[in-house]
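Enquirer: I'll drop the sequence and a predicted model, then ask my questions.
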Amino acid sequence: MRWRASRPQLKRDPLDGNMENPEIPPGTLVRTGTWLYDDTVPSRVEIWLRPVKYGSGDYEDAPEFQDDQYGEFYEVYYHPPGQIGGGRPSGGGTYDDLRSAMQDVERETRGTIRWDDS
């Protein structure tokens, strides 16, 4: 016999949008760019403005890491190498301001990032 949840489970898209309620947008795309994986393969990076920074939920973590935080946060996503606009992105961190997010992308991509015009 298969176990069934007694309450509905939330489903999230790869960018943490709530698919149960399309009225709640997952965020706003604020910057995009292309960087070179292994100095040769073009790869996409995105920075999204989000209304929440999700906590770990781990009771052993400090509250600033354990609990969800609400406000304005900038979340970085790296698409798989060679996948310009495709593939499931992986998270690259959440930042309190756009400048910090962009600086970290510059560092992580060893300066190969080329930001799209905004």
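Expert: Looks like it arrived, so ask away.
Enquirer: The nearest residue to residue 93 once chain neighbours are set aside: how many residues sit nearby?
Expert: Nearest non-adjacent residue to residue 93, counting by C-beta to C-beta, 6 or more residues apart in numbering: residue 76, 5.4 Å away. Just so you know, the C-beta spots here come from the backbone N, C-alpha and C atoms, and that holds for glycine as well. Using other C-beta atoms under 10 Å, residue 76 is surrounded by 22 other residues.
Enquirer: Helix, strand, or coil at residue 76?
Expert: strand (DSSP: H, G, I helix; E, B strand; the rest coil).
Enquirer: Kindly report the same for residue 61.
Expert: Secondary structure of residue 61, per three-state DSSP, is coil.
Enquirer: The one 4 residues further on too?
Expert: Of the three states, residue 65 takes helix under three-state DSSP.
Enquirer: Verify the stated contact: it with residue 54.
Expert: No. Using C-beta atoms under 8 Å, residue 65 is not in contact with residue 54; the gap is 10.4 Å.
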